[in-house]
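Asker: Test case, fold it:
(one chain, ligands or ions: 1)
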Amino acid sequence: MRQSHLFTKTRREAPKDEVAKNAQLLIRAGFVHKEMAGVYSYLPLGLRTLTKIETIIREEMDGIGGQEIQMATLHPSEPWKKTGAWDNVVVLFKIQSRTEKEYALGQSEEEIVAPLVGDYALSYKDLPLSVYQIGQKYRDELRAKSGIMRGREFGMKDMYSFHIDQEDFDRFYAIAKEAYLRIFSRCGLTARVTEASGGAFTEKLSYEFMVLTDAGEDDILYCSDCTHCANVEVATQKEGDVCGKCSKGTLAIAKASEVGNVFDLGQKYPRELGYSYKDKDGNEQLPIMGCYGIGTTRLMGTIVETLSDDKGMIWPESVAPFTFHLISMSSNDAEAVAFADALYADLTKKGATVLYDDRDMRAGEKLNDSDLMGIPTRLIVGKETIKSGEVEVVSRASGEVKKMTREAVLAL
Ligand SMILES: [Zn+2]
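Answerer: Residues are numbered from 1 along each chain as shown. Down below sits the predicted model:
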């Protein structure tokens, strides 16, 4: 994409009321647009990154047998009243129509998915089964000061699984846990797993996937050796202790952000919403249900908080809006411009994703914008390139500079 065609512009300052680093950088770089506290629109660069995050999640969920669906986000109030969530979930957005009928906006979809699956999976032969979706969710937050990490409207992947017994849920949880850890690792993050109480959803156990970051809202004890960690508030061990899980590493305290969670919901929703299946002997049974969430926009915010410096963002290639940021430094030198134009055409033809800064602007401004946007590999073409035949290749992450011929760049 030619940057001269990009309708967004970088800004020197973020809005005064924006205190979160992730939103400050994303707004300044033109990735997102703030509509109000906790509500953001995704612009071309930001949407490219969000879509790449969603693609990674989709691949991993498909890989463990999840079937993608898209459920309604405007919900009838009846199932929410049946489970008690209408009154108990304080962040539930409730809407009244002009005929005074009541609706809810989805903040999680157990109330919708249990009856939906219950219309089809009526025999033990139909289970286990897992369905998931990626879409918008709503929470009536009192304060929304964490940028895209905690919004009133946000993106989420939510998967729901149904099993004939606890043993089968535990088997599937172990598989889902590995898929979750792969998702975070593919997004350039290292996640750890805590065991926590189930909160509003359930009396049973839940698992939280945490990424160490100073922007985190939780204090955790984490192991230097394995993926184990525990919330400081509920941990039975303390800093400096040997890890109880692997007996090898030692425990340290750090701030962390929750990027995913799994809830063992037991039979609560099938019981309250009337979903049963027939077992081998023809008896009606309630399935065991699990819920698996990853906030997609929250994950994007966590990547920015974790992978950024004082100049801007540092995207891992897997989720970067483009792989290459080609910068034409000498926009008044016809030969240099022709070289950059040709390199852009050849890289694009090869299938590489390139943001081509062809704007008529000072070189310093272009480099500042490039640092802010954080595209992994910068290709600099200027007067020097015409003399030496070499392109300057700069890594945004390490700052490493290499001189490479046009052919070598095309082989990257
Ligand atoms: Zn350990």
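Asker: Tell me the predicted confidence for whichever residue of the stretch 1-150 of the chain sits closest to the ion.
Answerer: Proximity of the stretch 1-150 of the chain to the ion (CB to the ion) peaks at Glu60, 23.9 Å away. Placement of C-beta: from N, CA and C, glycine included. Note for Glu60: predicted pLDDT of 98.
Asker: So which residues of the stretch 301-412 of the chain form strands?
Answerer: Using DSSP state E, counting those that start in this stretch, the strands found in the stretch 301-412 of the chain span residues 308-309, 312-313, 324-328, 354-357, 377-381, 390-395, 401-405.
Asker: Could you report the neighbour count for the closest residue to Asp333 other than its chain neighbours?
Answerer: Excluding the flanking residues, the one nearest Asp333 by CB to CB, 6 or more residues apart in numbering is Lys383, at 5.5 Å. Close neighbours of Lys383, defined as other CB atoms under 10 Å, add up to 13.
Asker: Return the residues in contact with the residue of the stretch 1-150 of the chain closest to the ion.
Answerer: Ala179, Tyr180, Arg182, Ile183, Arg186 (CB atoms under 8 Å, 6 or more residues apart in numbering).
Asker: Neighbours of the residue nearest to the last one when sequence neighbours are not counted, how many?
Answerer: Counting by CB to CB, 6+ apart, the nearest residue to Arg186 once its immediate chain neighbours are dropped is Ile56, at 5.0 Å. Residues near Ile56, counting by other CB under 10 Å, number 19.
Asker: any idea which element Ile56 lies in?
Answerer: Using DSSP states H and E, Ile56 falls within helix 44-63.
Asker: Would you mind confirming that the residue nearest to Asp333 is in contact with Ala336?
Answerer: Yes - proximity of Lys383 to Ala336 meets the contact threshold set by CB atoms under 8 Å, at 5.7 Å.
Asker: shared neighbours of those two, anything?
Answerer: Met329, Ser330.
Asker: any weak-confidence spans in the chain?
Answerer: By pLDDT under 70, the low-scoring segments of the chain are 196-204.
Asker: And for Leu26, nearest residue in space, chain neighbours not counted?
Answerer: Val32 is the one closest to Leu26 (CB to CB, 6+ apart), at 4.5 Å.
Asker: Correction: the previous question concerned Ala37.
Answerer: Ala144 (4.5 Å).
Asker: isn't that neighbour right next to Tyr138, touching?
Answerer: No - taking CB under 8 Å as the definition, Ala144 is not a contact partner of Tyr138, at 11.8 Å.
Asker: which residues are common contacts for those two?
Answerer: Common contacts of Ala144 and Tyr138 (CB under 8 Å, 6+ apart): Arg152.
Asker: Can I get the buried part of the contacts of Glu60 as one ChimeraX selection?
Answerer: The following ChimeraX line selects those of the contacts of Glu60 that are buried, judged by 16 or more other CB atoms under 10 Å:
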select :179,180,182,183,186
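Asker: Around the ion, which positions in the stretch 101-250 of the chain sit nearby?
Answerer: Within the stretch 101-250 of the chain, the positions lying close to the ion (CB under 5 Å from the ion) are Cys223, Asp225, Cys226, His228, Cys243, Lys245, Cys246, Gly249.
Asker: List the contacts of the first one.
Answerer: In other words, Cys223. Residues near Cys223 by CB under 8 Å, 6+ apart: Arg192, Cys229, Cys243, Lys245, Cys246, Gly249, Thr250, Leu251.
Asker: Same list, those residues, but as JSON lines with secondary structure and neighbour count please.
Answerer: Shown next, in JSON lines, are these (DSSP: H, G, I helix; E, B strand; the rest coil; neighbours: other CB atoms under 10 Å):
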{"residue": "Arg192", "secondary structure": "strand", "neighbour count": "22"}
{"residue": "Cys229", "secondary structure": "strand", "neighbour count": "27"}
{"residue": "Cys243", "secondary structure": "coil", "neighbour count": "20"}
{"residue": "Lys245", "secondary structure": "coil", "neighbour count": "16"}
{"residue": "Cys246", "secondary structure": "coil", "neighbour count": "13"}
{"residue": "Gly249", "secondary structure": "coil", "neighbour count": "16"}
{"residue": "Thr250", "secondary structure": "strand", "neighbour count": "12"}
{"residue": "Leu251", "secondary structure": "strand", "neighbour count": "23"}
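Asker: now, which of the residues you listed sits nearest Gly399?
Answerer: Closest approach to Gly399 among those (CB to CB): Arg192, at 28.7 Å.
Asker: Could I get the buried residue list for the helix holding Ile56?
Answerer: Neighbour-count burial for helix 44-63, counted by 16+ other CB under 10 Å, picks out 45-46, 48-50, 52-54, 56-58, 60-61.
Asker: end-to-end on stretch 175-195?
Answerer: End-to-end distance for stretch 175-195, by CA to CA, to the nearest Å: 16 Å.
Asker: go on, stretch 312-332?
Answerer: Stretch 312-332 end-to-end distance (CA to CA) = 28 Å.
Asker: what about the closest residue to the ion within the stretch 251-400 of the chain, distance to Ile220?
Answerer: Nearest residue of the stretch 251-400 of the chain to the ion, counting by CB to the ion: Leu251, 8.0 Å away. Distance from Leu251 to Ile220, counting by CB to CB, to the nearest Å: 10 Å.
Asker: okay, the residues of the stretch 101-250 of the chain next to the ion in CSV with distance to Gln24 next?
Answerer: Shown next, in CSV, are those (distance: CB to CB, whole Å):
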residue, distance to Gln24
Cys223, 32
Asp225, 35
Cys226, 34
His228, 33
Cys243, 36
Lys245, 37
Cys246, 38
Gly249, 35
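Asker: before we move on, back to that, which pair in the contacts of Cys223 spans the largest distance?
Answerer: So, the contacts of Cys223 by CB to CB: farthest apart are Arg192 and Thr250, at 14.4 Å.
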